[in-house]
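Colleague: sequence-free structure coming up:
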């Protein structure tokens, strides 16, 4: 349970960091000297389903296929990864495009929604035209037990080893998956907190990782949109390193999602399920 992140092949790690960061020169005013810094990159990714443009997102340009799968599920465009038939990525540098082929059933529903999403790293609800799409009808999960409290021991320190991009250049959020045995298994990072979670969910689905008894950890503020994504993925527990919003707590309780806040200098706080006074 206290294992470090498995070593990645040097070539894959180098490729991952090269895709998502670059070296920039700056002037250090105290000494009037030039120096170099690694900065996180971002790219505009246009996503089209069956040839119809649907969204433009600002993302870290790595793990883009994971993002497309997670975004498609988390946004309610598809019900499962089986509705996604093909993903083709195009473009380089700051302009990218993903052509996604989805099932006729999913595409018909998408056209019926008649919505245009204009996404950004800061707001997952930009461009939503109907209140019903901001507050959708979502499945209520079967009630699941809370994870053992020892799974959360030293969690902040343990996940730091999995945040390779964050350690390299900063300015990114992370989402991680802990399996049903309390072992950290997977992590994804992005400039956008929604994007990081989309990438993680996409990676879990593409790798066919068992989700039973597992939990998701996010390093960012826990808002309603993150609750939506975890519910749609069928994951029963969400741990946030930052405080949840009140609406996030209400929806977690309503849909039987275990919601735990892990403060930096205090014991874990269970917001959902709600305990009797």
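Modeller: Received, thanks. Just so it is clear, the structure is predicted and the values come from calculations on it, not from any experiment.
Colleague: okay, now the residue nearest to residue 254 when sequence neighbours are not counted: neighbour count?
Modeller: Nearest non-adjacent residue to residue 254, counting by Cβ to Cβ, 6 or more residues apart in numbering: residue 140, 7.3 Å away. To be clear about C-beta, it is placed using only N, CA and C from the backbone, and glycine gets the same treatment. The number of residues packed near residue 140 is 10, by other Cβ atoms under 10 Å.
Colleague: just the one 5 residues further on next, same as before
Modeller: The local packing count at residue 145 equals 9, with neighbours defined by other Cβ under 10 Å.
Colleague: just residue 107 next, same as before
Modeller: 19.
Colleague: excluding its backbone neighbours, what's nearest it?
Modeller: Nearest non-adjacent residue to residue 107 (Cβ to Cβ, 6+ apart): residue 50, at 4.9 Å.
Colleague: just the helices in this structure please.
Modeller: Here the chain has its helices, by DSSP state H, at 10-20, 64-74, 104-113, 131-134, 155-160, 164-169, 193-206, 224-233, 246-254.
Colleague: could these go into JSON lines alongside mean pLDDT and distance to residue 85?
Modeller: Putting the helices of the chain into JSON lines (pLDDT from 0 to 100; distance: least, Cβ to Cβ, whole Å) gives the following:
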{"stretch": "helix 10-20", "mean pLDDT": "77", "distance to residue 85": "25"}
{"stretch": "helix 64-74", "mean pLDDT": "97", "distance to residue 85": "11"}
{"stretch": "helix 104-113", "mean pLDDT": "90", "distance to residue 85": "10"}
{"stretch": "helix 131-134", "mean pLDDT": "67", "distance to residue 85": "25"}
{"stretch": "helix 155-160", "mean pLDDT": "94", "distance to residue 85": "34"}
{"stretch": "helix 164-169", "mean pLDDT": "92", "distance to residue 85": "30"}
{"stretch": "helix 193-206", "mean pLDDT": "97", "distance to residue 85": "14"}
{"stretch": "helix 224-233", "mean pLDDT": "96", "distance to residue 85": "19"}
{"stretch": "helix 246-254", "mean pLDDT": "95", "distance to residue 85": "31"}
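Colleague: would a markdown table of the ones you listed with distance to residue 38 be doable?
Modeller: Below are the helices of the chain laid out as a markdown table (distance: least, Cβ to Cβ, whole Å):
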| stretch | distance to residue 38 |
| --- | --- |
| helix 10-20 | 8 |
| helix 64-74 | 20 |
| helix 104-113 | 38 |
| helix 131-134 | 36 |
| helix 155-160 | 17 |
| helix 164-169 | 4 |
| helix 193-206 | 18 |
| helix 224-233 | 27 |
| helix 246-254 | 33 |
